[in-house]
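>>> got a structure for you, letters missing:
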């Protein structure tokens, strides 16, 4: 008679832990958030939202793999993972180079006015690529799914976990895009642009090197 209430409490507790862990990981400063901040202040709100949508879609891909149990199979193909690590590490180093070059310039390399023709589809794909080229992302989702999955939780519970985390991701990334595309944020950005771009170069560079040199 008490098994159902106990299971319900267990499921709710696991969901809360998973959501909290995902929120902390998503809201903490990282390559995706810093890139959204930079795009929002230089290219405007539409471009920032497009990039954030790409990041969320990339996250959704890893989430579905983890939820369907295909992540273990993917990790079993060591050659594929090594190739993905190399590609992802090189892409992050390329982003580090671009940010570093921008930091060395005395004037912004791009502005909203000069990017009126900016392709939102291209910006969206940059967001997708940034998230897909980081194999570490799938490890985060494996942890979230494992944390939120009690015995006999079932498919509906797993769907709730993934949907809730993706909603959190949309809220967090969307908030970054909205906040840093305001006129005040753009003025602040212009005053610290070179420091921010330099910080991006360091973050992307360290992430790329860590990815290329990691053994897992």
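Ah, there it is. Note that the structure is a prediction, hence the values are computed from the model and not measured.
>>> counting contacts, what elements does the longest helix along the chain pack onto?
In the chain, taking DSSP state H as the definition, the longest helix is helix 183-213. Where contact means 3 or more C-beta pairs under 8 Å, 6 or more residues apart in numbering; DSSP states H and E, helix 183-213 is packed against helix 31-43, helix 78-104. Any C-beta I mention is one placed from the backbone N, CA and C, and that applies to glycine too.
>>> Need the nearest residue in space to residue 140, chain neighbours excluded.
residue 25 (6.2 Å; C-beta to C-beta, 6 or more residues apart in numbering).
>>> so how far is residue 98 from the one you found?
Using C-beta to C-beta, to the nearest Å, one gets 25 Å for the distance from residue 25 to residue 98.
>>> just to revisit the earlier point, for the longest helix of the chain, what is the average pLDDT?
Across helix 183-213, the average pLDDT comes to 79.
>>> which parts of that helix are buried?
Within helix 183-213, the residues scored as buried using 16 or more other C-beta atoms under 10 Å are 186, 189, 193-194, 196-201, 203-205, 207-208, 211.
>>> Looking at the helices and strands packed on helix 183-213, which one is packed in the most?
helix 31-43 (a mean of 23; mean count of other C-beta atoms under 10 Å).
>>> Run the angle between whichever helix or strand comes after it and helix 31-43 for me.
Following helix 31-43 in sequence order, the next helix or strand is helix 45-67 (DSSP states H and E). Helix 45-67 and helix 31-43 meet at an angle of 160 degrees, taking axes from the mean of the first three to the mean of the last three C-alpha atoms, to 10 degrees as the criterion.
>>> what's helix 45-67 packed up against?
Contacts defined by 3+ C-beta pairs under 8 Å, 6+ apart place helix 45-67 against helix 31-43, helix 70-76, helix 120-132, helix 136-147, helix 154-179.
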